[in-house]
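Visitor: with the input below, show me the fold.
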Amino acid sequence: MPEEAKKSGGGGDGGDIYNVQAAEILANEALLLPINEAAPIYEKLLATFPTAAKYWKQYVEAYMATNNDEATKQIFSRCLLNCLHISLWRCYITFIRRVNDKRGSEGLDETKKAFDFMLNYVGNDAASGPVWMEYIAFLKSMPVVTPQEESHRMTTVRKVYQKAILVPTNHVEQLWKDYEHFENSVSRTLAKGLLSEYQPKFNSAKAVYRERKKYIDDIDWNVLAIPPTGSYKEEQQCMAWKRLLAFEKGNPQRIDASTANRRVTFTYEQCLMYLYHHPDIWYDYAMWHAKNGSMDSAAKIFQRALKAIPDSEVLKYAFAEMEESRGAIQTAKTIYESLIAENGSMTSLAHIQFIRFLRRTEGIEAARKYFLDARKSPSCTYHVYVAYATMAFCLDKDAKVAQSVFEAGLKRFMHEPGYILEYTDFLCRLNDDRNVRALFERALSLLPPEQSVEVWKRFAQFEQTYGDLSSMLKVEQRRKEALSRTSEDALSALENTLYDVVSRYSYMDLWPCSSKELDYLARQEVELKGWHKVYVCICAVLAVILQACNNNWKWLANNTVKKDKSATLSRGGMLGATGISANPKLLPQSAKVVRPETSQMVIYDPRQMKVPDFPATTSGYTKEVEDILKMLSQPTMSFVKNLPAIEGPSPDIDVVLGVLLQSTLPVAQNATGKAAGTTDLSKPGVGLNQNGSVHRPPRDGQSTRRKDVERQGVQQQEDDAAAVQSQAAAPRDMFRLRQIQRSRGGLGATAASQSGSSAFSFSGGGSAFSGDQSASTD
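Guide: Numbers count the residues shown, from 1 in each chain. Down below sits the predicted model:
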């Protein structure tokens with residue numbers, strides 16, 4: 001066996017035998033092996049997937065390749081009737097024609113019978129058009145000697161044509177054209193009447209094929225039959241098949257009933273090739289036969305279904321029900337006995353249904369006798385006692401026998417709350433309130449508190465209905481005391497609430513309050529009694545979240561250091577290439593991850609949060625903020641005061657920097673009305689470059705004074721270096737560096753083209769430093 005199949009679970013005894021991937025691996029492996037070695041693999045595959053037509057075809061073709069005709073015939077006899085797949089049947093007819101080619105007229109007759117046999121089973125397939133055409137071509141090629149044989153052959157071909165054009169296949173139009181040509185070649189006079197008769201039938205078949213194709217296209221014809229998994233694709237396939245079945249049952253072509261039934265039968269058989277393990281398909285198939293009056297066919301379908309799904313109890317009950325309905329009592333009894341024998345420990349339901357069956361078919365005495373035997377079984381549960389006692393009370397009208405059965409079961413099932421409740425219901429029907437209270441007291445004294453919740457609830461309801469006020473309140477208080485032992489908050493469980501009053505004074509769907517009040521009281525009840533559990537759950541969830549956050553912080557710190565180191569090296573190379581020395585002082589430092597103190601974290605509760613009291617000034621800001629604002633320049637202070645108020649954590653630094661870079665800040669005005677440090681662009685010849693720098697026309701003779709330009713460039717470079725040193729202590733932010741590099745790129749390139757060295761720019765007439773360094777690239 002291939003190693004892949006073993007790993008997929010297809011090779012071991014404990015693996016999934018319906019592993020489709022492992023099956024495909026085995027099938028592909030068998031293709032490469034001689035048939036003697038591949039046969040065990042095929043047998044194993046087909047034992048698991050008995051309706052897989054592609055595996056049967058692969059298996060039989062392997063024997064056909066070795067000319068082993070006997071083995072080939074045996075395989076075809078095993079698979080053809082269960083796999084109505086057109087490709088497998090075409091392989092069969094190919095084999096039959098090859099075997100009978102050299103047998104003369106006898107071989108031709110056998111081949112003709114094989115064609116009739118095939119078309120009887122798969123002739124209604126939507127893909128059977130080529131098969132019909134092949135059959136017609138075979139009939140036309142048969143040798144004839146006498147005119148009688150020729151006439152017989154023409155009549156046979158005509159009948160086959162007339163059958164073929166009634167089937168909605170993919171070649172129905174081609175078949176109609178061939179039929180027209182055939183009739184016209186035989187007799188134009190006769191052809192006119194026959195063609196006019198079959199023209200409407202052909203049109204109907206063509207229209208039905210178009211509708212039929214819509215349903216067929218939704219079906220996946222390559223899936224293997226596996227037990228239901230509940231997957232979405234599986235559900236879609238089931239619905240697609242059911243839509244096709246409903247379409248065929250509607251008889252859209254309006255053909256005769258027998259032909260329509262054969263078409264529905266063929267569709268069901270094809271459906272079961274892919275939904276072989278779905279009990280609902282088997283049941284629908286059997287019930288369709290039963291509805292049409294063929295009970296024997298329905299029984300055969302049930303037998304096949306139980307062979308396909310031997311563990312399906314519901315199919316066995318359905319089969320027994322059908323047999324009982326048509327009077328086959330002994331067959332139904334055999335099915336019930338097999339249910340009891342095969343289920344092992346899970347036989348209580350089978351016992352109950354068999355007791356009911358015996359009472360219906362054989363009488364009270366047979367049911368009583370079987371109950372006495374069934375209660376001795378170690379797997380018998382209290383359900384059997386309840387079912388038989390209820391049957392004796394309701395059907396046989398024998399309350400004494402029913403109470404005796406309940407009392408006998410009480411000795412065995414006193415620890416079962418469900419049995420206690422059923423017994424109390426029975427006693428309530430007898431109006432035996434004294435024994436009801438005695439039963440409640442007896443059961444509650446033996447049941448542990450955690451199992452007595454429903455019993456206490458039913459006891460309280462009983463007292464509310466049949467008792468007086470004092471007994472009702474007494475039972476309610478006892479119930480609270482008993483159940484408070486199982487609650488973490490015993491004091492709150494003992495308290496009386498308005499919800500208890502609502503519970504006592506409600507009846508069925510009638511309530512002593514509105515729906516809103518009921519919802520409110522229910523929420524209060526949950527909060528009161530379940531707050532401790534909710535609190536514990538919340539704490540546990542928070543602990544898990546904090547642990548995950550702690551792990552993420554550690555991972556982030558480690559990876560941040562690594563990324564910063566690698567980024568530092570890459571930036572150093574990049575900056576060196578652009579003309580700036582990779583000075584470590586000028587590069588951003590590795591980020592230091594500060595983790596919060598988790599031990600001081602508490603659950604957030606806005607009602608417990610107190611806002612710190614700061615003395616406010618007349619401007620609305622605190623004194624500390626006012627002192628900071630006084631230290632800022634007028635434009636910066638104006639910008640800060642115009643920022644919107646933000647409550648909560650500090651804003652993202654990158655977002656703030658982006659806002660700063662995209663904002664237009666107000667500037668101070670000088671005495672002349674012009675902004676300080678600006679250039680009058682209204683003068684003739686003065687303009688702005690693409691990067692925002694000021695462009696002035698050269699003075700007379702400036703283009704010839706290269707030495708002055710070089711001297712100015714050297715002086716500017718020295719001033720820039722001094723400015724960079726003065727800014728060494730400023731915060732190093734890569735976001736700001738990138739923004740400044742973009743804004744200064746054009747100006748730096750201009751300076752570099754003039755002086756051939758790095759350049760730094762200042763704005764505002766030298767009155768203020770406009771930003772960080774900007775690299776110029778050549």
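Visitor: break down this structure into its strands, ranges please.
Guide: Ranges of strands in the chain, per DSSP state E, are 687-688, 694-695.
Visitor: comparing those, which gets the lowest mean pLDDT score?
Guide: Mean pLDDT is lowest for strand 687-688 among those, at a mean of 43.
Visitor: how about low-confidence regions in the stretch 551-700 of the chain?
Guide: Under the criterion pLDDT under 70, the flagged ranges of the stretch 551-700 of the chain are 551-625, 629, 641, 643-653, 656, 660, 663-700.
Visitor: next: the stretch 151-300 of the chain.
Guide: Low-confidence segments of the stretch 151-300 of the chain (pLDDT under 70): none present.
Visitor: need the helices for it, in chain order.
Guide: Here the stretch 151-300 of the chain has its helices, by DSSP state H, counting those that start in this stretch, at 172-186, 188-216, 232-249, 257-274, 279-291, 295-308.
Visitor: quick one, which of those is nearest to Ala62?
Guide: helix 257-274 (21.1 Å; CB to CB). C-beta: built from backbone N, CA, C; applies to glycine.
Visitor: what's the angle from that closest one to helix 188-216?
Guide: Orientation check (axes from the mean of the first three to the mean of the last three CA atoms, to 10 degrees): helix 257-274 against helix 188-216 gives 40 degrees.
Visitor: and the nearest residue to Glu61 once chain neighbours are set aside, how many neighbours does it have?
Guide: The shortest distance from Glu61 to any non-neighbouring residue, by CB to CB, 6 or more residues apart in numbering, is to Cys91 (6.6 Å). Look at Cys91: counted by other CB atoms under 10 Å, it has 21 neighbours.
Visitor: next one: the one 4 residues further on
Guide: By the measure other CB under 10 Å, the count of residues near Phe95 is 19.
Visitor: can you give me the distance of it to Ala27?
Guide: Phe95 sits 20 Å away from Ala27, going by CB to CB, to the nearest Å.
Visitor: which stretches of the stretch 301-450 of the chain have low pLDDT?
Guide: Along the stretch 301-450 of the chain, the parts satisfying pLDDT under 70 run over 344-346.
Visitor: quick one, helices of it?
Guide: 313-325, 329-343, 348-361, 364-374, 382-394, 399-410, 417-429, 433-446.
Visitor: among those helices, which is nearest Lys300?
Guide: Comparing those by CB to CB, helix 313-325 comes nearest, at 10.9 Å.
Visitor: you'd agree Val384 is up against Ala374?
Guide: Yes - the pair Val384 and Ala374 qualifies as a contact (CB atoms under 8 Å) at a distance of 5.9 Å.
Visitor: identify the contacts common to those two.
Guide: Jointly contacting Val384 and Ala374 under the rule CB atoms under 8 Å, 6 or more residues apart in numbering are 351, 355.
Visitor: list the contacts of the residue nearest to Glu61.
Guide: Here Cys91 is in contact with 57, 60-61, 64 (CB under 8 Å, 6+ apart).
Visitor: still on that earlier bit, can you list the helices of the stretch 151-300 of the chain in TSV and add distance to Thr331?
Guide: Formatted as TSV, these follow (distance: least, CB to CB, whole Å):
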stretch	distance to Thr331
helix 172-186	44
helix 188-216	37
helix 232-249	28
helix 257-274	23
helix 279-291	14
helix 295-308	8
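Visitor: got TSV for these, with mean neighbour count and distance to Thr424 too?
Guide: As requested, these are exported to TSV (neighbours: other CB atoms under 10 Å; distance: least, CB to CB, whole Å):
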stretch	mean neighbour count	distance to Thr424
helix 172-186	16	70
helix 188-216	14	55
helix 232-249	16	43
helix 257-274	19	49
helix 279-291	19	38
helix 295-308	17	41
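Visitor: and those: which comes nearest Ser633?
Guide: Closest of those to Ser633 is helix 232-249, at 65.3 Å (criterion: CB to CB).
Visitor: give me the contacts around that closest one.
Guide: Applying CB under 8 Å, 6+ apart, the external contacts of helix 232-249 come out as 211-212, 215-216, 218-220, 223, 228, 260, 263-264, 267-268, 271, 274-275, 278, 281, 284, 288.
Visitor: okay if I get the contacts of Cys91 as CSV plus neighbour count, distance to Leu447 and pLDDT?
Guide: CSV is the format used below for those (neighbours: other CB atoms under 10 Å; distance: CB to CB, whole Å; pLDDT from 0 to 100):
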residue, neighbour count, distance to Leu447, pLDDT
Lys57, 20, 64, 94
Val60, 24, 66, 94
Glu61, 16, 68, 94
Met64, 18, 72, 93
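Visitor: okay, the helices of the stretch 301-450 of the chain, which one's buried deepest?
Guide: Each of the helices of the stretch 301-450 of the chain was assessed for mean neighbour count using mean count of other CB atoms under 10 Å. The highest is helix 382-394, with a mean of 21.
Visitor: that one vs helix 364-374, what angle?
Guide: For helix 382-394 against helix 364-374, the angle by the same axes, to 10 degrees is 160 degrees.
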